[in-house]
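In: Generate coordinates for the sequence data below:
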Amino acid sequence: MASLQTSSLILSSSSSSTSFSSNRINAALQLPDLPRDRYTVIQNRTRKMVEGLNLKVDRFPNTFPVLENNNNNVSTITPPDSAATSKFTEQFYAILEAVADRVEMHNNIGVQRNNWNTLLLNSINMITLTASTMAGVAAATSGGGAGMSLLALKLSSTLLFSEAAGMLLVMNKIQPSQLAEEQRNAARLFKQLLKQFQTVVSLRAPNEQDVKDAMEKVLALDKAYPLPLLGAMIEKFPEKFEHAVWWPSSKSKSRSNLYSSTTTAKKNGWSEELEAEMREIVQVVKGKDREDYERLGNIALKINKSLAIAGPLLMGIAALSSPFIGNGSLGAVVAVTTGALASAVNSFEHGGQVGMVIEMYRNCAGFFKLMEDSIEATLEESDVEKRENGELFQMKVALQLGRSLPQLNHIAAKSAASRMEGIAVDEFASRLF
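Out: As a prediction, this is how the structure comes out:
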């Protein structure tokens with residue numbers, strides 16, 4: 001009985017495995033129908049892949065192999081103007097390298113000229129104080145009969161005062177603190193240019209106009225902040241204080257569109273309200289911020305001129321008085337007093353870095369002038385599509401002035417109300433400077 005059950009189990013298992021195997025064979029034999037032309041499948045897949053990539057030929061200057069529709073030959077699609085695009089890209093990257101090098105140059109020279117200011121200031125003060133001490137000692141020993149010692153002290157004091165006067169003349173002429181501030185500003189502005197150029201490269205391939213604009217900006221900045229001292233140094237004592245100009249002059253355009261907008265609907269982020277707001281911002285920047293820095297710059301320039309004349313003059317008087325030190329003479333009093341005053345004037349002028357303050361005012365006034373020119377040039381463009389996006393432009397202006405967008409709207413509204421009432425705006429546009 002057990003043997004019969006065993007045999008039936010074996011037969012049933014073998015029959016089930018046979019049926020399972022037949023099912024597997026049948027499933028394996030049911031293959032999809034293949035097309036007669038295998039190249040049709042390859043060609044269709046290749047075409048779909050290329051269409052999915054949208055043929056980004058402007059980003060990839062190399063050629064792309066594509067199968068043609070009517071035959072099995074392989075042809076190539078060459079990007080348009082790939083040689084020109086590559087040439088302009090290489091030129092733009094060359095400008096990028098030059099700008100990065102200029103950043104390092106101005107940083108290094110700025111550190112060097114800041115050291116000049118410190119070393120010359122300390123050296124001149126030490127020489128002046130030493131000469132004053134010698135003049136005092138000579139006056140104290142003049143009644144003791146030590147003729148040779150008195151002569152040596154008077155001669156040494158005269159030479160030291162003369163040397164200090166000459167060094168002070170040179171220092172006042174070049175204004176090392178102002179030179180150092182010029183190089184700091186130049187390095188910062190070249191870094192800004194570097195970031196702008198990198199943004200252009202990251203967004204799209206540079207074209208011919210990008211290369212021309214970049215060259216103009218670099219050369220204008222080179223002219224505004226020269227590196228050499230002889231022949232190219234910025235005038236440190238001009239007749240009138242003027243703001244710095246480090247951007248290329250804008251192309252001549254008709255300004256008839258500045259106050260007659262034709263924008264009726266919001267297009268490219270621009271609207272009539274936004275244009276009116278930008279015009280009010282220009283008026284506030286021009287009438288408040290830039291005017292205030294020009295006024296402060298004129299005051300600082302006059303102070304610096306007075307100090308630059310007073311220091312060497314006092315030092316020269318001390319040098320001329322030193323030989324007349326003797327019994328009952330006022331030579332010692334004049335020499336010691338004027339030497340001390342010259343040291344105080346020198347410390348105030350160069351220790352207080354009055355030249356650096358002038359350069360800071362000059363740069364701030366130039367910053368506001370650049371903002372005025374940028375807004376006016378944008379509004380002068382009658383084709384709204386050629387302008388920078390209005391919302392982005394508004395955000396940039398707000399960030400440059402250190403304000404939020406609601407605060408920018410508030411200052412523009414206050415300017416409009418003040419002009420209608422015939423009163424001056426009581427608030428500056430910028431909150432950064």
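
In: mean confidence for the one helix or strand residue 177 maps to?
Out: Secondary structure assignment for residue 177, by DSSP states H and E: helix 176-203. Averaged across helix 176-203, pLDDT comes to 94.

In: ok, residue 305 touching residue 237?
Out: Yes. With contact defined as CB atoms under 8 Å, residue 305 counts as touching residue 237 (5.6 Å). C-beta coordinates here come from the backbone N, C-alpha and C atoms, glycine included.

In: Could you pull out the buried residues of stretch 228-243?
Out: 233, 236, 241, 242, 243 (16 or more other CB atoms under 10 Å).

In: first vs last residue of that stretch, how far apart are they?
Out: With CA to CA, to the nearest Å as the measure, stretch 228-243 spans 21 Å from end to end.

In: neighbouring contacts of that stretch?
Out: For stretch 228-243, contacts defined as CB atoms under 8 Å, 6 or more residues apart in numbering pick out 173-175, 178-179, 182, 225-226, 290, 293-294, 297-298, 301, 304-305, 308, 355, 358, 361-362, 365-366, 368-369.

In: Can you flag the buried ones in those?
Out: When those are checked for burial by 16+ other CB under 10 Å, the buried set is 174-175, 178-179, 182, 225, 290, 293-294, 297, 301, 304, 308, 355, 358, 361-362, 365-366, 368-369.

In: now, which of those lie within helices?
Out: Per DSSP state H, helices hold the following members of the buried ones among the contacts of stretch 228-243: 174, 178-179, 182, 293-294, 297, 301, 304, 308, 355, 358, 361-362, 365-366, 368-369.

In: I'd like to know which elements the helix holding residue 177 is packed against.
Out: The criterion is 3 or more CB pairs under 8 Å, 6 or more residues apart in numbering; DSSP states H and E, and the helices and strands that helix 176-203 contacts are helix 82-140, helix 208-224, helix 354-380.

In: Just the buried positions in the last one, please.
Out: Under the neighbour-count criterion of 16+ other CB under 10 Å, helix 354-380 has 354-372, 374-376, 378-380 buried.

In: Run the chain-centre distance for the following helix or strand past it.
Out: Where DSSP H and E defines the elements, the next helix or strand beyond helix 354-380 is helix 390-401. Counting by CA atoms, centre = their mean, to the nearest Å, helix 390-401 is centred 17 Å from the centre of its parent chain.

In: before we move on, what about stretch 114-124?
Out: Stretch 114-124 sits 28 Å away from the centroid of its parent chain (CA atoms, centre = their mean).

In: contacts for that stretch?
Out: In contact with stretch 114-124 (CB under 8 Å, 6+ apart) are residues 164, 167-168, 171, 176-177, 179-180, 343, 346-347, 350-351, 353.

In: one step back: closest to residue 334 among the buried residues of stretch 228-243?
Out: Nearest to residue 334, judged by CB to CB, of the buried residues of stretch 228-243 is residue 236 at 29.9 Å.

In: Can you list the low-confidence ranges for the stretch 301-433 of the chain?
Out: Low-confidence segments of the stretch 301-433 of the chain (pLDDT under 70): 327-329.

In: now with 80?
Out: In the predicted model, the stretch 301-433 of the chain carries pLDDT under 80 at residues 326-329, 331, 422, 424, 433.

In: Check the protein and tell me which residue is nearest its centre.
Out: Nearest to the geometric centre of the chain sits residue 189, at 2.2 Å (CA atoms, centre = their mean).

In: Quick check on residue 388: phi, psi?
Out: Phi and psi for residue 388, reported as degrees, to the nearest 10, are phi -70, psi 150.

In: tell me the contacts of it?
Out: Residue 388 touches residue 378, counting by CB under 8 Å, 6+ apart.

In: go on, residue 419?
Out: The contact partners of residue 419, taken as CB under 8 Å, 6+ apart, are residue 283.

In: give me the element it is part of.
Out: Using DSSP H and E, residue 419 falls within helix 405-421.

In: report the angle between the axes of the host helix or strand of residue 158 and helix 354-380?
Out: Using DSSP H and E, residue 158 sits within helix 147-174. Interaxial angle of helix 147-174 relative to helix 354-380 (axes from the mean of the first three to the mean of the last three CA atoms, to 10 degrees): 0 degrees.

In: and helix 147-174, which residues are buried?
Out: Under the neighbour-count rule (16+ other CB under 10 Å), helix 147-174 has 150, 153-154, 156-158, 160-165, 167-168, 171-172, 174 buried.

In: which among the contacts of stretch 114-124 gets closest to residue 416?
Out: The shortest gap between residue 416 and any of those belongs to residue 353, at 40.2 Å (CB to CB).

In: ok, that closest one - contacts?
Out: 117, 177, 181.

In: Output the below-cut-off pLDDT ranges for the stretch 151-300 of the chain.
Out: 250-266.

In: distance of residue 124 from residue 402?
Out: Going from residue 124 to residue 402 by CB to CB, to the nearest Å gives 40 Å.

In: between the two, which one's more packed in?
Out: Higher neighbour count among residue 124 and residue 402: residue 124, with 25 against 12, using other CB atoms under 10 Å.

In: ok, back up a step: just say which of the helices and strands packed on helix 176-203 is most tucked in.
Out: By mean neighbour count, with neighbours taken as mean count of other CB atoms under 10 Å, helix 354-380 ranks first of the helices and strands packed on helix 176-203 at a mean of 21.

In: tilt between that one and helix 208-224?
Out: Going by the same axes, to 10 degrees, helix 354-380 makes 150 degrees with helix 208-224.

In: Which strands and helices lie in contact with helix 354-380?
Out: So helix 354-380, by 3+ CB pairs under 8 Å, 6+ apart, packs with helix 176-203, helix 272-284, helix 291-321, helix 390-401.

In: closest to residue 209 out of those?
Out: Ranking those by their distance to residue 209 (criterion: CB to CB) puts helix 176-203 first, at 10.8 Å.

In: got the angle between that closest one and helix 208-224?
Out: With the same axes, to 10 degrees applied, the angle from helix 176-203 to helix 208-224 works out at 170 degrees.
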